[in-house]
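Colleague: Fold the following and give me the result.
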Amino acid sequence: MSIEEAIAATSSLLVHPGVTGSSGSAAAVIPAPLRQLSAGPSQSIPGSPTGFALNEDDALMGMVSPRGRNTLDSAQVAGHSVNSTVLDRPTLFQSAEEFGQQNLKCMAPDREPWRPFASEGDYVFATVAVEAGLSSTQVDSLLKLIHCIRQGTASVTLCNDAGLRTALDRAAAQLTPFLKFEIAAPYKGSDVMFPIHIRPLWDWALDLLQNPSLAPHFVWDAERVFKLDGETYERFYTEPWTGDHWWDIQLPTHAENAVPFAFILYADKTRLSSHGTVKGYPMVVRCANLPVHIRNGERYGGGCVVGWLPIVPELASEERKTSYVNFKRVVWHEAFYKLLEKVAELSKVGYLHECYDNIRRWLFPVILILSADYERTLCDDAYMRHEMQIPMPILPSPFGGALGLIEDKKSASEKKLKSLGLRPVKNIFWSVEHSEPEQAASFEPLHSLHGGLGGKHMHEELKIVVNELGRDFETCLEERVSAFPCWRGLAHFDTVIHITFSGGNKMRDLTRQCFYAALDILTSTTSQVGYQLLRMICSYLQLETLIGLDVHTEATLGMIEDELLVFRGELKVYRSHVRRLHDTGLKDNWNFPKAHLWKHVTRDIWSKGAIRNYSARLNEKMHGPLKDAYQDRSNGKDVAGQILRIDHHRFAIKLIQARIDAENERVTHFTDDEPFEGNTRLGAPQQPSTLSGVENTHRDDRAFEGFRRRLEIFLNACLPTYGYPLNTWIRLQGTDTVWEYRYLKVNYASVVDWKVAVNHIRCSPSFHGRPRYDCALIQLSETKTAFVRLIFMFTCKIAAFEDVFQFALVQPLTAGTGSIIRGALLYPDPSHHGKFLVVEHTDGDMFLRMKRWTQTRCQVPEAAEQDSSSDSDQMSAKTQSNTSGSEQSDPDVGGPASE
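Modeller: All right, here's what the predicted structure looks like:
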């Protein structure tokens, strides 16, 4: 076909769309001689039937007219076949619809495109699970439901998301809903309006009171509880009603059976978006009349979001203005008033309620505890400090005169308050009887210690000191922290120097691990200021662990007071070292609020019980679901309303689950745990093996040398002590079978609260990709205990007996699993190869056990012995003894375990 014939055949499609009257367009593909191609790389058009390459000089992407390259709005596309020896090929003309389209052969049909999944349903489920980011627990729950539906034991009538939302709304109607209000706050002569979402606090309380599964657990009366310590009774503090504040509440005498209904309130801002521009201000409440396992639990009866406070914008034009600061405080208190409006009224007149025990009581609501960060505590209190010159929330005597002036003369009161560094703001908590904010404000360890004094200030000091020593010291510290033994609930870190966390939980774990890792790095010879910093951190860790005990006695409170004096002395010496240095960036001024607050922690424990009653850790954990609701299920508009609706649905699910659990317990006495034999239970079973197979598998491990022979000797020596008399010597053969286990669950009686606690011990060559061989405290005899490392846990049968025996190969000896008291975390002593330091700060039980250990084993060393001990020896001993900072401490105190 000639060019003229081709043009005639496609005349209706060869007019450029930009020309008036055009009805279509076409593209011309014209081969060009090889000599016209540029030397640059070829650009092939995928799927082109001619397989040509474009010339940069001749190619113009767009509609092409065949009239040639002299036309203003057209272009010539020339090409050639790379593998062809023919220079000129026929020109190909295509319509716009055909240009660039592939002429593929028909694909063969695929009857099962979802392979390798077993079925299309499996593929669809996997897609939903991956896109939704379901956890393993959620996946198991959904699959279990699907199997129950298939078996006919369960049914699902929901058809779509709208039906699910309707069902959730019906369930949520059983609970007090959120209500939306607007509050007005005056500023510069006009009222500024703010929206606020509130779940009326007393209505939430009535929901709890009317719940039959919670009703038996309410505690109304104050208690003073004691335990027998040898020959005397010692008072202890745990729940809020065991503190003095509950005892001292004076309710109206005219009301028969008058009791407090005590609230624990928490409020703090949180960032909802990853970039931090969208924030939320949830309020969380807990009922102090419920026991801690319910109050601090995640089921119905635990913490509940009851409000969403407005956030006053931070305007550059209003920054640091006293009037605007006061305005933000007013907005905060006005919003809280909406929450407490009914509570304030009932705190004066009471509410008559027939309780579970059929006794009619007058309930008087009180705000017992305010849990918040220090800055939020400032906002809660009646008067805000201006320059942080006065310790808060304890108010010294000069404030009395200022308080009396407020109602009399505004100008005089403002002048008086200014001289004290305060601002006058009306406090909404004054409207609730027996709810003085300075008594309700409580020490909060998450912000004050883990994210404050220790995690922020001391850890930063440690990084500066190590940085001054050089890169080798930084590398050594990071390597030791990275190699720190794993322990359940203890975060693991691969880096130290260039890492930051906003959460106090991570900083708590990092501070503990850095202390042990730096014991022989920061000695008095390498860095005097660094060594003194370690001594200060050591005292801090003692205090942090003591303060966090779930039960306090007069003895532990005395230990806190004593250690506070030790810390004060160590801080004083540290500051003197810092003053002798120049341009290091180390902190000389430690006169900031979070370094002061823990001086009053014993007062809070005496007043309101253990620290867990007012810790913000559990409340801040509730921020996670709120952030997920914003990021996954909101459209960015009316954020508060959407988030709170989802949270209300979640609350309704908890209510229904509580009813289901109660019914299961009533009918079947359901329990999650299988019965224990003794105090231990083995798990993670492996394939059975012979004794010879065990020796061959571990032939390169010295711990398994003569394994069969040593086990035989152990059995013949120990079985009679276990109540299995032997008539003849037991002979073990290489073909005898043993079953290996790599997990051990240990129940033990905690010395903190005398309840059953649990340890989860691992003994595995590969646990999450790393070898993990945990340690344990075992009972050697009636009076002796020892720390050991688990190497191999197994069971075996003895021909002479029908029972299955459980044993563990441990270093330095072999023992029955029944002799294990609890798990332990041991850290290799950097100064003594083969010896270990007991990490006593894993929990309160281990801490108190080590205190008792040192009290019974510690002996004052001779002068010559003391002179020969190294700095790390002294520091190692101090970490595991109650020497109150004394230099005279035994290097071996605490019983470092040997391999």
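Colleague: Does residue 561 touch residue 602 like I think?
Modeller: Yes. Contact criterion Cβ atoms under 8 Å: residue 561 and residue 602 qualify, at 6.1 Å. No exception for glycine: its C-beta is placed from N, CA and C like everyone else's.
Colleague: Those two - which one has more neighbours?
Modeller: Neighbours per residue (other Cβ atoms under 10 Å) separate residue 561 from residue 602, with residue 602 holding more: 19 against 11.
Colleague: In contact with the more buried one: list those residues for me.
Modeller: By Cβ atoms under 8 Å, 6 or more residues apart in numbering, the residues touching residue 602 are 557, 560, 561.
Colleague: okay, the residues you listed in TSV with distance to residue 271 and secondary structure next?
Modeller: Listed next are those as TSV, based on distance: Cβ to Cβ, whole Å; DSSP: H, G, I helix; E, B strand; the rest coil:
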residue	distance to residue 271	secondary structure
557	37	helix
560	34	helix
561	38	helix
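Colleague: from those, which is closest to residue 137?
Modeller: Within those, distances to residue 137 taken as Cβ to Cβ reach their minimum at residue 560, with 39.1 Å.
Colleague: Closest to residue 808 out of the contacts of residue 602?
Modeller: Residue 808 has its nearest neighbour among these in residue 560, at 37.4 Å by Cβ to Cβ.
Colleague: Give me the neighbour count for that closest one.
Modeller: Neighbours of residue 560 (other Cβ under 10 Å): 18.
Colleague: likewise residue 758?
Modeller: Residue 758 has 13 nearby residues by other Cβ under 10 Å.
Colleague: do the same with residue 597
Modeller: Applying other Cβ under 10 Å, we find 26 residues neighbouring residue 597.
Colleague: Same check on residue 633?
Modeller: Using other Cβ under 10 Å, residue 633 is surrounded by 11 other residues.
Colleague: which stretch of helix or strand covers the closest residue to it other than its chain neighbours?
Modeller: With Cβ to Cβ, 6 or more residues apart in numbering as the criterion, residue 633 has its nearest non-adjacent residue at 5.9 Å, and that residue is residue 646. Element membership for residue 646 (DSSP states H and E) is helix 639-668.
Colleague: elements contacting that helix?
Modeller: Counting contacts by 3 or more Cβ pairs under 8 Å, 6 or more residues apart in numbering; DSSP states H and E, helix 639-668 is packed against helix 161-172, strand 190-198, strand 279-280, strand 304-308, helix 623-633.
Colleague: go again using 7 Å as the cut-off
Modeller: Other elements packing on helix 639-668 under the criterion 3 or more Cβ pairs under 7 Å, 6 or more residues apart in numbering; DSSP states H and E are helix 161-172, strand 190-198, strand 304-308, helix 623-633.
Colleague: so where's the stretch 101-250 of the chain uncertain?
Modeller: Residue ranges of the stretch 101-250 of the chain with pLDDT under 70: 102-106.
Colleague: Now do the helices in it.
Modeller: 120-132, 136-151, 161-172, 201-209, 244-248 (DSSP state H, counting those that start in this stretch).
Colleague: ok so, going back, turn the contacts of residue 602 into CSV, including distance to residue 150 and pLDDT.
Modeller: Formatted as CSV, the contacts of residue 602 follow (distance: Cβ to Cβ, whole Å; pLDDT from 0 to 100):
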residue, distance to residue 150, pLDDT
557, 59, 96
560, 59, 96
561, 64, 95
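Colleague: now, which of those residues sits nearest residue 373?
Modeller: Closest approach to residue 373 among the contacts of residue 602 (Cβ to Cβ): residue 560, at 21.7 Å.
Colleague: Next, the contact list for the closest one, please.
Modeller: Contact partners of residue 560, counting by Cβ atoms under 7 Å, 6 or more residues apart in numbering, are 543, 546, 547, 601, 602.
Colleague: Confirm for me that the third one is in contact with residue 612.
Modeller: Translated: residue 547. No. Under the criterion of Cβ atoms under 7 Å, residue 547 makes no contact with residue 612, lying 10.5 Å away.
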